[in-house]
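K.L.:
Following is a predicted model, sequence given first.
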Amino acid sequence: MSSDAAKGDRIRELMATEGDAVAENTRGFNRGRYESTGRLDDYEELKAEARDIKEDAIARLPELIDEVRETVEANGGTVYVADDAADANRYVTELTAEERDADRLVKSKSMTSEEIEVNEALEAEGVEVIETDLGEWVLQLADEAPSHIVAPAIHKSREGISELFAERFDLDDPPETAEELTMFARERLGELVEGADVGMTGANFVAADSGTMLLVTSEGNARKTVTATDTHVAVAGVEKLVPTVEDFSPFVELIGRSGTGQDVTSYISTLTPPVDSPVPDFESDDEPIADGSGDDRDFHLVLIDNGRMAMREDEELKETLYCIRCSACSNACGNFQSVGGHAFGGETYSGGIATGWEAGIEGLDVAAEFNDLCTGCSRCVPACPVGIDIPWINTVVRDRINRGDADPGQTDWMFEELVPDEEPAGLDLSTRLVGNYETMAKWGSRTAPIANRLSDVGPVRALAERVAGIDRRRDLPEFASEPLVDWFAARGGARVPADEAEREAVLYPDTATNYVDVERGKATVRALEALGVRVRVPDLPGSGRPPLSQGMVATAEAAAEDLYAGLAPHLDAGRDVVVIEPSDLATFRREYERFLPSESSERLADASYDAMEYVFGLLENGADPSALRAPSEGTGPVASGKRIAYHPHCQARTVEVGEYATATFERLGYDVRVSDTECCGMAGSFGYKTDYYELSVDVGEPLVEQFGDTDRTVVAPGTSCTEQLDALLDAAPRHPIEVIAPRG
Amino acid sequence: MSVADHSTFKRRLDSLGVSLTEGPESACADLVDEAAGDPAVGVALADGTDGAADSGGSAGALPDRVETDPTTAELRAAHTGVTDASLGVAAYGSVAIEADAAGTEPVSLFVDRHVVVLREADIVPDMPDAFEWLGPKARDESVDVVFATGPSATADMGGLVHGAHGPKEVHVVLLREAGGEGDAGGSDAAASEVTAGE
């Protein structure tokens, strides 16, 4: 618990010191991504093309390494494949310090060089290293680590940089505006570049067919780094190889748009080194530049394995190697927006995909330090230009952490009844409690009067906080004494006779609807029946979403099998499956393909609908909208019911069902404002955890900004979103279907 | 190059803050003279439209005041660098600058203003066309090409600033076809009218 508490403190500290700058910048990038990718007619095709190129390249990696060795050597350069960081650093320092006897090496921005910590290795051999990317230079002066893989100094304010320059350069009248600061850096770095002996760059992509490397930059420092020095060392992970120069094209169109929202960055350098430019002689500067000195240039491509070839053999981590480090997953992530890469990151990499990189390069221990911060909201999935299932990588790594770090001394026997899972003994208790939410809910419902009363009692909450890490500032779900399934049976089952039914549907009684928020289940039954659907609410097991969120993959897989078994007869009978809780629908559509035979998962995905999607479809197919509740006419408080503030669930957005509620509301005459926030911050159980309570509230802050003083009726389909919105807005939000369903 | 590409290219340059003047090849020196600050260095423009980057092409295409064989000191002191571009990419407003032994890369980079001379026939519609062009040249000639889109820029100092390391300003001189010999593309652009305005 102590290391967790320290983690919580660190997050709170970073939110206070860096959170505002990170939030402003990342949210700006994220908006830019939507705008810039929105201008592409063929965005999805480009993503698919990029994905295909990466899949092919990683599959043929050994062959591409051989090929690039031949092409680079034919061009007059050298290729060195380094097994690990130490190997790479040995090669680079021998070349720089010994062979070249260099005093100064200038660098353009390269995360891979951060990964191997080449600066420290060079400095130990007496070589001065200068970062020439303005953001990296600021961090070098401040002795800080990047907080973002593309914009490394995103956490620094303009004022902070001005103070830093004043202190480091002993300035009485330091530059203050962005323009002044930039020109100060331009001049200083310009002088440093002139006196450099060796230039180091990274590489965003390397084409095996020609030895051409591509660098994505904006400042021009990579161009200067290469041009001003006669020795060019490029450091790149082996995964940067693509087969051909033509393969660069989709990445060039996607990388800037996906990252900072630029259609393309200022400079896309496609170098086939050694480059042809003459080397300007800044010391004897009265000679013509064009003196043939380009012929003496030297080039070294250092390809780094450092765990990547093993990742390639790891079915789950392999996808990480498709990552082009655009930062879309960081910018789209609610938690990242609030804390930045100093909390949501490992030794080198940050953001959602960092879990894959750090697990593969550094090991599970490093990934475990921040892996919790991925809540599985999945907003990074559509943002990723190469379609990596980043939440799944986080889930798998969490599962491995669960299994690897289990402490066998824990007193599991106390909770055996509550945690009947498939996980190893000793798994962290709060993880297991959340993972076994269904069992808890069942127990809570059975003993509702006592359980609900107990859950409000101070000492019980204190115990829950200490033992299970559940923050006492959160209201706990109140269990209903009559579950939805029992209510449905008690009312006599289906009310639309089979021979009058337009369609037949199974309403999936997800754990939250069945035991806690029964009203939205009843409203769904009423709405569907009003539209002529013969509805059944059979007793069905949980979907496996809660254990999945805790990385309990085996438990989730078992749940998927159980639920499919329960649904199969209904699917055989041609019934639709209507889902109220968006995270359960997302699980059917996104994760079940990993757990079930593809025929089964596809069958369920095809037959299942979000509740509002289903209503929309019924109306489109001729159902009578007047059977549903239209907004009341009138003015004043009455009219507020006509105006809706709608926060779609994060995962519903990802599986593209979020817009059906908007469309249905508008069809019925409501006026809808949709939230711009990717995820409310609650993310299932995440916001209940003591370590993350403040973070969770901070992630929801944009919702307060947008809807804080609204007189609109607030709706949200996700149970946990409802809890969060209630806490943030004091709004008691309902599921959209409760607004449009006929009154009970 | 189609009329649509031409207008897309101009629109993109405009949105990037890149100024543009255009005219026939014969007006090149005048257009460059208008666009270049002082002192100016440059690389003699290549002949023809295929961007084969050998220097010593059409003599007189640059005004005399542009030093075409600059020393490092002259480069350092220069306000403007004049080079040609091998290609323009309409959809992005990018120009392809090819590094060569004559120093096109340093001349386009170590200056405050970069004046780019581009032939209209060298504008391609989109990025895939640019990489179709680049592929064979990279494999067969080991070329080094920078696709430059607007001026050097950074947002690392708390706001967007142009001229972080590279040029603060970019100006494109777009040369229309003057019924050049043996050029397959761009015959529709061989209009003889001269409008060298901005």
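P.N.:
Noted; the coordinates are in hand.

K.L.:
Tell me, please, where in chain B the pLDDT is lower than the cut-off.
P.N.:
For chain B, the stretches flagged by pLDDT under 70 are B:47-60, B:178-198.

K.L.:
Show me where it has its helices.
P.N.:
With DSSP state H, the ranges of helices along chain B come out as B:3-16, B:28-35, B:72-77, B:104-109, B:127-141.

K.L.:
Kindly report the same for the stretch 151-300 of chain A.
P.N.:
A:158-168, A:178-194, A:221-227, A:248-259 (DSSP state H, counting those that start in this stretch).

K.L.:
Any chance of the backbone angles for the closest residue to residue A:712 other than its chain neighbours?
P.N.:
Leaving aside its sequence neighbours, residue A:712 sits nearest to residue A:645 (C-beta to C-beta, 6 or more residues apart in numbering or on different chains; 3.9 Å). All C-beta spots, glycine's among them, are computed from the backbone N, C-alpha and C. Dihedral angles of residue A:645 (phi, psi; degrees, to the nearest 10) stand at phi -110, psi 120.

K.L.:
Report whether the expected contact of residue A:645 with residue A:707 is present.
P.N.:
Yes: with contact defined as C-beta atoms under 8 Å, residue A:645 counts as touching residue A:707 (4.8 Å).

K.L.:
Next, format the helices of the stretch 151-300 of chain A as a markdown table and append mean pLDDT.
P.N.:
Formatted as a markdown table, the helices of the stretch 151-300 of chain A follow (pLDDT from 0 to 100):
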| stretch | mean pLDDT |
| --- | --- |
| helix A:158-168 | 96 |
| helix A:178-194 | 96 |
| helix A:221-227 | 97 |
| helix A:248-259 | 98 |
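
K.L.:
Columns mean neighbour count on top of the ones you listed, output as JSON lines?
P.N.:
JSON lines is the format used below for the helices of the stretch 151-300 of chain A (neighbours: other C-beta atoms under 10 Å in any protein chain shown):
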{"stretch": "helix A:158-168", "mean neighbour count": "17"}
{"stretch": "helix A:178-194", "mean neighbour count": "19"}
{"stretch": "helix A:221-227", "mean neighbour count": "28"}
{"stretch": "helix A:248-259", "mean neighbour count": "26"}
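
K.L.:
Tell me which residues touch the most centrally placed residue in chain B, please.
P.N.:
In chain B, the residue lying closest to the centroid (C-alpha atoms, centre = their mean) is residue B:116, at 2.7 Å. Applying C-beta atoms under 8 Å, 6 or more residues apart in numbering or on different chains to residue B:116 gives the contacts B:83-85, B:95, B:97, B:108, B:148, B:170-173.

K.L.:
again, only using 10 Å
P.N.:
B:18, B:20, B:32, B:35, B:81-85, B:88, B:95-97, B:108, B:148, B:167, B:170-174 (C-beta atoms under 10 Å, 6 or more residues apart in numbering or on different chains).

K.L.:
and the residue nearest to residue A:712, what are its bridge partners?
P.N.:
Per DSSP bridges, the residues bridged to residue A:645 are residue A:673, residue A:714.

K.L.:
What distance do you get for it to chain B?
P.N.:
Counting by C-beta to the nearest C-beta, to the nearest Å, the separation of residue A:645 from chain B is 33 Å.

K.L.:
my guess is that residue contacts residue A:729, does it?
P.N.:
Yes: in this structure, residue A:645 is within contact of residue A:729 by C-beta atoms under 10 Å, at 8.7 Å.

K.L.:
Helix, strand, or coil at the nearest residue to residue A:153 once chain neighbours are set aside?
P.N.:
For residue A:153, ignoring the flanking residues on the chain, the nearest one in space by C-beta to C-beta, 6+ apart is residue A:135 at 3.8 Å. At residue A:135 the chain is in helix, as set by DSSP: H, G, I helix; E, B strand; the rest coil.

K.L.:
Pull the contacting residues for residue A:135.
P.N.:
By C-beta under 10 Å, 6+ apart, the contact set of residue A:135 is A:109, A:146-148, A:150-154, A:156, A:161, A:185, A:219, B:154-157.

K.L.:
In strands, which of those residues fall?
P.N.:
residue B:154 (DSSP state E).

K.L.:
Assign residue A:444 to one of the three secondary structure states.
P.N.:
helix.

K.L.:
quick one: contacts for the nearest residue to residue A:241 once chain neighbours are set aside?
P.N.:
Of all residues not flanking residue A:241 in the chain, residue A:64 sits nearest, at 4.4 Å (C-beta to C-beta, 6+ apart). Taking C-beta under 10 Å, 6+ apart as the contact definition, residue A:64 lies against A:56-58, A:206-209, A:238, A:240-243, A:303.
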